[in-house]
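# Following is a predicted model, sequence given first.
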Amino acid sequence: MPMNAETARAELIVPVEPRMLGAVTAVVNHAAERAGLLERAQKELAQAAVEACEHALELAAEDKREEPRVHVIVENFSDRIEITLEHHGPADPVAGLDSFVAGGNPGREGVSKALQATGVDRVQYEAKDGLSRTRLVKYVDGKAPQK
């Protein structure tokens, strides 16, 4: 069912607990279905989000100041879905644009390859003051910006 002009937003705080990744899958699947993505694209986007979240949790575990967790924000817009993952800890853009395009750090290509296989349209990465943010963007078919 195609989405209306209203946006929707869901936020999760994901601790280092493998069972919680199912919640990420469910929320992303719901957002992708709401946007009208085909079932295969829904599953691929959810898998990309889970793999990026797993990597972010690994990095968050290296930060000894607080309990490791990832803040996941899933937003529907009329033309796209954005999945933002925020965590404290070392900055490593393995799931960011650098690795997505250029292959990233040797030996840590897993997330990048997974993202390339999903058809995620854009990956943005930024780090500031100990907070790393990765954003996965998937455009709704026929609504991607023109080059």
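Perfect, thanks for sending it. Numbers count the residues shown, from 1 in each chain.
# all helices of the chain, in order?
Taking DSSP state H as the criterion, the chain carries its helices at 21-35, 39-60, 97-102, 110-118.
# Output those helices in TSV; the columns should cover mean neighbour count and distance to residue 74.
All C-beta spots, glycine's among them, are computed from the backbone N, C-alpha and C. Supplementary listing: those in TSV, determined by neighbours: other Cβ atoms under 10 Å; distance: least, Cβ to Cβ, whole Å:
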stretch	mean neighbour count	distance to residue 74
helix 21-35	19	5
helix 39-60	21	8
helix 97-102	16	19
helix 110-118	19	15
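# Residue 140: which of those helices is closest?
With Cβ to Cβ as the measure, helix 21-35 is the member of the helices of the chain nearest residue 140 (5.2 Å).
# Report the inter-axis angle for that closest one versus helix 39-60.
Using axes from the mean of the first three to the mean of the last three Cα atoms, to 10 degrees, the inter-axis angle of helix 21-35 relative to helix 39-60 is 140 degrees.
# weakest of the helices of the chain in terms of mean pLDDT?
Set side by side, the helices of the chain give their lowest mean pLDDT on helix 97-102, at a mean of 44.
# Reformat the helices of the chain as a markdown table; add distance to residue 66.
Supplementary listing: the helices of the chain in a markdown table, determined by distance: least, Cβ to Cβ, whole Å:
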| stretch | distance to residue 66 |
| --- | --- |
| helix 21-35 | 20 |
| helix 39-60 | 9 |
| helix 97-102 | 26 |
| helix 110-118 | 23 |
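# For residue 83, which of the ones you listed is the nearest?
Distances from residue 83 to each of the helices of the chain were compared using Cβ to Cβ; the minimum, 4.9 Å, belongs to helix 39-60.
# now the closest one: how far from the chain's centre is it?
The chain centroid and the centroid of helix 39-60 are separated by 6 Å under Cα atoms, centre = their mean, to the nearest Å.
# now do stretch 26-44
That offset, for stretch 26-44, works out to 13 Å (Cα atoms, centre = their mean).
# Equivalent analysis for stretch 63-71, please.
Centre to centre, stretch against its chain (Cα atoms, centre = their mean), the figure for stretch 63-71 is 18 Å.
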